[in-house]
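Asks: next come a sequence and a model predicted from it.
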Amino acid sequence: MSKRMDKARKGIERTKLYALDDAVKMVKEKSSVKFDETVEIAMNLGVDPKHADQMVRGVVSLPNGTGRVLRVAVFARGAKADEARAAGADIVGAEELVTIVQGGTIDFDRCIATPDMMPLVGRLGKVLGPRGMMPNPKVGTVTMDVKSAVAASKGGSVEFRVEKAGIVQGSVGKASFGEGQLVDNIKAFIDAVAKAKPAGAKGTYIERIALSSTMGPGVKIDPSSVTA
C-alpha cells in the first residue's frame, strides 16, 4: 500500500457504516491528488444475475450531472440523423459508422440508435456489448426521440447494470462538487437502483453501499440512512 493511500485511510473505520452526509464529507476530504477525481458508488445487491428474473438494469438522470462531458454517437439516417446533429451528438452515421466501429475505432462514450438501425447495429454486439455500450430500449438508447436521448446523455444520465457478483457501480459526480450536490446525485442513483428491483429478488435487496473517489479509499454507507 502506498504512503498516500495509507495516509488517506487514517480516520476511516473499515467496518463502520457511515451516514451518507458523513461519507460524502470524508470522500471529499480524502481526495488529495492534483486532478478532479470522479466519485464512484458501488452497491452490493441480493440478486443472482445469472437468473433472468434477477437482472438489474436501468438509467438515472443525476440532478447535478456527472461533471464529465460525454461523447455521444447516434446511429440514424435522414431526418433523424439531422435531429441528432442538431441536438449535439458528436458522431452521427449509419453503415459507414458501423464499419468504423467494426474496425475497432470507438471514439464515443454513449451510443444511441433509432429502432430501424438495430439490424445493422446488432452486428456490433461483440464490440459494444463487453463495453456496456450496446443500445437498448430499456435504458432509452434505442428510440425515435433521438433529441431527448442525446440531451439526456449530455446532461448527466448514467446507465447501470448489475455485474456477475451482484454489484452495481456508477459515477455520481466529481470531488469538486459541493457536498449537497453529491448527496442529491447519490440519493437519485440509489433510488433508481431500488426502483429497478427485479421480481425474482428475495430477502435483503440492497445489502451494502460504498463510496470512493478515483484514487481514494472506500467509505461504507449505512443503507438505512439512504433507503426507506
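Replies: It's in.
Asks: what separation do you get for Asp109 and Ile41?
Replies: 18 Å (C-beta to C-beta, to the nearest Å). Just so you know, the C-beta spots here come from the backbone N, C-alpha and C atoms, and that holds for glycine as well.
Asks: those two - which one has more neighbours?
Replies: With neighbours defined as other C-beta atoms under 10 Å, Asp109 and Ile41 compare such that Ile41 has more, 24 against 15.
Asks: count the residues that sit near the residue nearest to that one when sequence neighbours are not counted.
Replies: For Ile41, ignoring the flanking residues on the chain, the nearest one in space by C-beta to C-beta, 6 or more residues apart in numbering is Val172 at 5.2 Å. For Val172, the count of nearby residues is 28 (other C-beta under 10 Å).
Asks: so which strand or helix has Val172?
Replies: Assessed by DSSP states H and E, Val172 sits inside strand 167-174.
Asks: and that strand, what does it pack onto?
Replies: strand 38-45, strand 157-161, helix 179-195 (3 or more C-beta pairs under 8 Å, 6 or more residues apart in numbering; DSSP states H and E).
Asks: average pLDDT for the very next helix or strand once past the last one?
Replies: Read that as helix 179-195. Toward the C-terminus, helix 179-195 is succeeded by strand 206-213 as the next helix or strand (DSSP H and E). Summarised as a single mean, pLDDT over strand 206-213 is 94.
Asks: quick one: strand 206-213 to helix 179-195, angle?
Replies: Here strand 206-213 runs at an angle of 150 degrees relative to helix 179-195 (axes from the mean of the first three to the mean of the last three C-alpha atoms, to 10 degrees).
Asks: mind giving me the packing neighbours of strand 206-213?
Replies: helix 20-29, strand 38-45, helix 179-195, strand 219-221.
Asks: circling back: of the helices and strands packed on strand 167-174, which is nearest Ala79?
Replies: strand 157-161 (23.6 Å; C-beta to C-beta).
Asks: for the protein, which spans come out with low pLDDT?
Replies: Scanning the chain for pLDDT under 70 picks out the ranges 1-9, 11, 228.
Asks: skip the chain neighbours and tell me the closest residue to Gly58.
Replies: Ala196 (4.3 Å).
Asks: ugh, typo on my part, it should be Ile100
Replies: Gly93 is the one closest to Ile100 (C-beta to C-beta, 6+ apart), at 7.5 Å.
Asks: correct me, but that neighbour touches Phe75?
Replies: Yes - between Gly93 and Phe75 a contact is recorded at 6.8 Å, counting by C-beta atoms under 8 Å.
Asks: more neighbours: those two, which one.
Replies: Taking neighbours as other C-beta under 10 Å, Gly93 and Phe75 compare with Phe75 leading, 28 against 19.
Asks: quick one, what contacts the more buried one?
Replies: For Phe75, the contacting residues are Gly93, Ala94, Leu97, Val98, Cys111, Ile112, Ala113, Thr114, Met117, Leu120, Val121, Pro135, by C-beta atoms under 8 Å, 6 or more residues apart in numbering.
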